[in-house]
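> got a structure for you, letters missing:
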């Protein structure tokens, strides 16, 4: 029996947003302090490690200890615990769950165009929209401090991100339903925004604030202190990264990850980052033939979750090799593999990435997922939040109890921002772009009218979240210090530069 869907009027939706202020005023997010009974952050990391491949846990620690920013990237569990004690309006959306700035980037749409969007959904779950906003805003504060920016720049960048989110949500509150659903940021739109800023700086010697808030990606805010030379360099870097993203496909992956032996391609061994199937039996205690059967079973299970047309397309490829591959920062130690398939001939490769899906870190804070299979939770959350998703996105159950996976293309024209190389003004541009993108993702699953009404038309929410971010960045520094101390005291082990 179908569930009856409630349809509120615009006035009722607006009133619901105003009523949410009785639960948490927009300025109530300021003044954050850690809970008196806050768990030991290192213990939370150790708890996560229990499910991970033991030989990769030191690699995860080594990547997290590189800087406070890399630690923040891997500390989603810690922040999830902290967010449970923060005020919320009660207005829910599909959360990314780990919406830090490095989980945004470009990738290919099914039409083979570059789009900018959120690109990591391991922790996705329905919940209060403020969780994602705080995770994203604090990531900009941490990154700004990590790059050595001034305190004023850090606050300005963070506030720009939140302001962009609020203003964008207000715009979506006035738009038609399908217009919100189809909204996205294309490569051309980012390029046009950068070109417009370049023209302004060239003509006036500094960025103009004309047209603030009207552009999806940024507007000229924060660009007024850049010299024409710096803007040109930023634009050149953007074009170079976009060109590099276009080249990142299965053929490029084959040239980087593969090797030719006896006229056939296979995945090259680069332990511990890449361990091919032929060497994995020692890790998992299974003979190579058994491992091959496991992969084929996973593949058949995964294929059944695809649309019939995509399933038929995938059946034209055969698996010729696979390997365990270390990915990311926070994901290190969870099981992740790459699968090499071949189509019509050896010059027609397809690489798929298989990542283990576990319970979202938010499920200890929020209600459990409606999906029993964590891989399906990730896939369905991604489809709901992204404007355009990979056609090969699907899920499967592992052969071991309580092991689940999701599948997608590897290196499908994916590209990420080089955060450590950004000037403050460029990071401001990026912050506004991410703020717009997060608001669009939330508007797809949540009620833009109610959220916009709650946020209001002044900057009280922006200032409040900026204050939270500054306080949380200080806590992250302390957690990072405790983490590195745990390594130096041999409480936990770390392997760097892997």
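All right, it came through fine. Everything quoted here is computed from the prediction, not taken from an experiment. Numbering: from 1, shown residues only.
> biggest helix in the chain by residues?
In the chain, taking DSSP state H as the definition, the longest helix is helix 460-488.
> quick one: average confidence on it?
Mean per-residue pLDDT for helix 460-488: 98.
> mind listing what's buried in it?
Neighbour-count burial for helix 460-488, counted by 16 or more other CB atoms under 10 Å, picks out 460-473, 475-477, 479-480, 483-484, 486-487. All C-beta atoms are positioned from the backbone trio N, CA, C, and that covers glycine.
> and it, what does it pack against?
The contact analysis (3 or more CB pairs under 8 Å, 6 or more residues apart in numbering; DSSP states H and E) places helix 460-488 against helix 41-49, helix 57-64, helix 68-74, helix 76-83, helix 129-146, helix 151-172.
> now mean neighbour count and distance to residue 237 too, for these, in JSON lines please.
Output for those, formatted as JSON lines (neighbours: other CB atoms under 10 Å; distance: least, CB to CB, whole Å):
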{"stretch": "helix 41-49", "mean neighbour count": "18", "distance to residue 237": "34"}
{"stretch": "helix 57-64", "mean neighbour count": "23", "distance to residue 237": "24"}
{"stretch": "helix 68-74", "mean neighbour count": "24", "distance to residue 237": "19"}
{"stretch": "helix 76-83", "mean neighbour count": "23", "distance to residue 237": "28"}
{"stretch": "helix 129-146", "mean neighbour count": "27", "distance to residue 237": "17"}
{"stretch": "helix 151-172", "mean neighbour count": "23", "distance to residue 237": "18"}
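> turn the ones you listed into CSV, including distance to residue 431.
Formatted as CSV, the helices and strands packed on helix 460-488 follow (distance: least, CB to CB, whole Å):
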stretch, distance to residue 431
helix 41-49, 26
helix 57-64, 23
helix 68-74, 14
helix 76-83, 18
helix 129-146, 5
helix 151-172, 4
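> find the residue at the geometric middle of the chain.
residue 103 (2.6 Å; CA atoms, centre = their mean).
> what's around residue 363, how many residues?
Residues near residue 363, counting by other CB atoms under 10 Å, number 18.
> identify the residues contacting it.
By CB atoms under 8 Å, 6 or more residues apart in numbering, the contact set of residue 363 is 125, 369.
> got it, and the one 4 residues further on?
Residues near residue 367 by CB under 8 Å, 6+ apart: residue 126.
> for residue 359, see how far away it is.
12 Å (CB to CB, to the nearest Å).
> residue 291: which of the helices and strands packed on helix 460-488 is closest?
In terms of CB to CB, the element of the helices and strands packed on helix 460-488 nearest to residue 291 is helix 57-64, at 21.7 Å.
> so where is this structure shaky, pLDDT-wise?
In the predicted model of the chain, residues 1-2, 197-198, 200-226, 231, 235, 282-290 satisfy pLDDT under 70.
> show me where it has its strands.
With DSSP state E, the ranges of strands along the chain come out as 92-95, 104-108, 114-118, 125-128, 185-186, 258-261, 264-267, 274-276, 318-325, 336-342, 349-356, 394-397, 404-409, 415-416.
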